[in-house]
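**Q** Build me a model from this:
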Amino acid sequence: MHVAIAGNIGAGKTTLTGLLAKHYKWSPHYESVDENPYLDDFYGSMERWSFNLQVYFLNSRFRQILEIRDSGKNIIQDRTIYEDAHIFAPNLHAMGLMPHRDFENYKSLFELMERLVSPPDLLIYLRATIPTLVGQIHKRGRDYEHSISIDYLSRLNERYEAWISSYDKGKLLIIDVDHLDIIDRPEDLGHIIDQIDAQINGLF
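**A** Numbers count the residues shown, from 1 in each chain. Below you'll find the predicted structure:
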């Protein structure tokens, strides 16, 4: 079984991935943030590095999906290949930070990859408002994220909502995380697990 967690920067995907992997004894697949050689450069000069960054993420995510397919294990994945293609790359293009030629090249590459991958059995979308995202980003203290603007996060949130409203590739669970504290309040995590159990039971 393949479960994936989607959500904006700072929504809590990585934390929830780890907690659910431990609870269900699933194998976690995390986003390769710390190993990404473009992130620092990207946040310093988005227009120069946007295409490089997005191709790196696309390649990393595609490789991850192939590994998930071949593993035969129950997998939980931190972020999906669809978010790169439907949210982050189009947003950079719309903001004038990715040239049209590069964006068309990127879209063509994604469409080719999409023909070879299967969507997750269950997609969990973490919905969060901007204050929550900003608070989480500041709390984790990654240097390269300090320059992320409110406008950038807002644009991403709008695209996430548009994507989720038309998502039809499989089962979808939407969780509003603004008032949840899954680390310090076990009952909040328990409530999420109850919702996931209900979805998983419907898969078999």
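
**Q** CA atoms for contacts and neighbours, from now on please.
**A** Will do.

**Q** Look through this structure and tell me its longest helix.
**A** In terms of residue count, the longest helix belonging to the chain (DSSP state H) is helix 46-71.

**Q** Next secondary structure after it?
**A** strand 75-78 (DSSP states H and E).

**Q** Any buried residues in the longest helix of the chain, and which?
**A** Using 16 or more other C-alpha atoms under 10 Å as the test for burial, helix 46-71 gives 46-47, 49-58, 61-62, 64-65, 68-69.

**Q** Could you list every helix and strand in contact with it?
**A** helix 39-44, helix 81-83, helix 89-94, helix 100-114 (3 or more C-alpha pairs under 8 Å, 6 or more residues apart in numbering; DSSP states H and E).

**Q** Nearest to Val134, out of those helices?
**A** helix 39-44 (15.9 Å; C-alpha to C-alpha).

**Q** got any ranges where this protein has weak pLDDT?
**A** 33-34, 141-147, 203-204 (pLDDT under 70).

**Q** tell me the contacts of the residue positioned nearest the centre of it?
**A** The centroid of the chain falls nearest to Arg79 when counting by C-alpha atoms, centre = their mean (2.7 Å). Contact analysis of Arg79 by C-alpha atoms under 8 Å, 6 or more residues apart in numbering lists Ala4, Ile5, Ala6, Gly7, Lys13, Tyr30, Glu31.

**Q** ok, now His100?
**A** Contacts of His100 by C-alpha under 8 Å, 6+ apart are His93.

**Q** Quick check: the gap between it and Ala85.
**A** Per C-alpha to C-alpha, to the nearest Å, His100 is found 14 Å from Ala85.

**Q** again, but for Ala162
**A** For Ala162, the distance to Ala85 (C-alpha to C-alpha) stands at 13 Å.

**Q** Please identify which of the two sits among more neighbours.
**A** Taking other C-alpha atoms under 10 Å, Ala162 and Ala85 do not tie; Ala85 has more neighbours (21 against 13).

**Q** My read is that the more buried one contacts Ser108, right?
**A** No - between Ala85 and Ser108 there is no contact under C-alpha atoms under 8 Å: 10.3 Å.

**Q** For my notes, confirm Leu126 occurs in a strand.
**A** Yes - counting by DSSP: H, G, I helix; E, B strand; the rest coil, Leu126 is located in a strand.

**Q** Any idea what it is bridged to?
**A** In this entry, Leu126 is beta-bridged to Gly7, Ile175, by DSSP bridges.

**Q** contacting residues for it?
**A** Contacts of Leu126 by C-alpha under 8 Å, 6+ apart are Ile5, Ala6, Gly7, Asn8, Ala11, Gly12, Lys13, Ile174, Ile175, Asp176, Val177.

**Q** quick check, nearest of these to Lys25?
**A** Looking across the contacts of Leu126 and measuring by C-alpha to C-alpha, the closest to Lys25 is Ile5, at 16.0 Å.

**Q** That closest one belongs to a helix?
**A** No - with three-state DSSP as the criterion, Ile5 is strand rather than part of a helix.

**Q** What distance do you get for it to Asp40?
**A** For Ile5, the distance to Asp40 - C-alpha to C-alpha - is 24 Å.

**Q** which of the two has more neighbours?
**A** Ile5 (22 against 14).

**Q** Good, wrapping up.
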